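J.: Sequence first, predicted coordinates after that:
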Amino acid sequence: QVQLVESGGGLVQPGGSTRLSCAASGFSLERYAIGWFRQAPGKEREGVSCISSTDGTTYYADSVKGRFTISRDNAKNTAYLQMNSLKPEDTAVYYCAIDLVCGGPSPLDWGQGTQVTVSS
């Protein structure tokens, strides 16, 4: 069964850190670009970061640049999003997704999402 499963969300204080994981099963993540997206209440889903499958090039939304770091461990079939200096506006459901390239029109598959709440 092809599946993406996110984990690592939860309640984090402003200024704190957390790391999200995206574990793939039923297929090899190595072949795909991996993106992280988020959707806050009442807002549209937005792209946060992406890492390519070919050379590991990374991309970040301006709102998270310098605070978030995307990575992948193909041996573990898992991708990560390290989130530092978190702000209340980072509160959202975070999703990972796979695509052939970063910035493609429509990801091939999505995880179920994990909630990140930044609050004191």
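T.: Here it is on my side, so go on.
J.: List the buried residues in stretch 76-92.
T.: For stretch 76-92, burial by neighbour count (16 or more other CB atoms under 10 Å) applies to Asn77, Thr78, Ala79, Tyr80, Leu81, Met83, Leu86, Asp90, Thr91, Ala92. All C-beta atoms are positioned from the backbone trio N, CA, C, and that covers glycine.
J.: Tell me which entries of the residues you listed lie within strands.
T.: Those of the buried residues of stretch 76-92 mapping onto strands are Thr78, Ala79, Tyr80, Leu81, Met83, Ala92, per DSSP state E.
J.: can you pull up the bridge partners for the fifth one?
T.: Using DSSP bridges, the beta-bridge partners of Met83 come out as Thr18, Phe68.
J.: contacting residues around it?
T.: Val12, Ser17, Thr18, Arg19, Leu20, Val64, Arg67, Phe68, Asp90, Val116 (CB atoms under 8 Å, 6 or more residues apart in numbering).
J.: hang on, isn't the last one packed against Leu20?
T.: Yep, that's Val116 we're talking about. Yes: judged on CB atoms under 8 Å, Val116 makes contact with Leu20 at a distance of 7.4 Å.
J.: Need the residues touching each of those two.
T.: Joint contacts of Val116 and Leu20 (CB under 8 Å, 6+ apart) are Gly9, Met83, Tyr94.
J.: Output these in TSV, with pLDDT appended to each entry.
T.: Shown next, in TSV, are these (pLDDT from 0 to 100):
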residue	pLDDT
Gly9	90
Met83	98
Tyr94	98
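J.: Brilliant, that's me finished.
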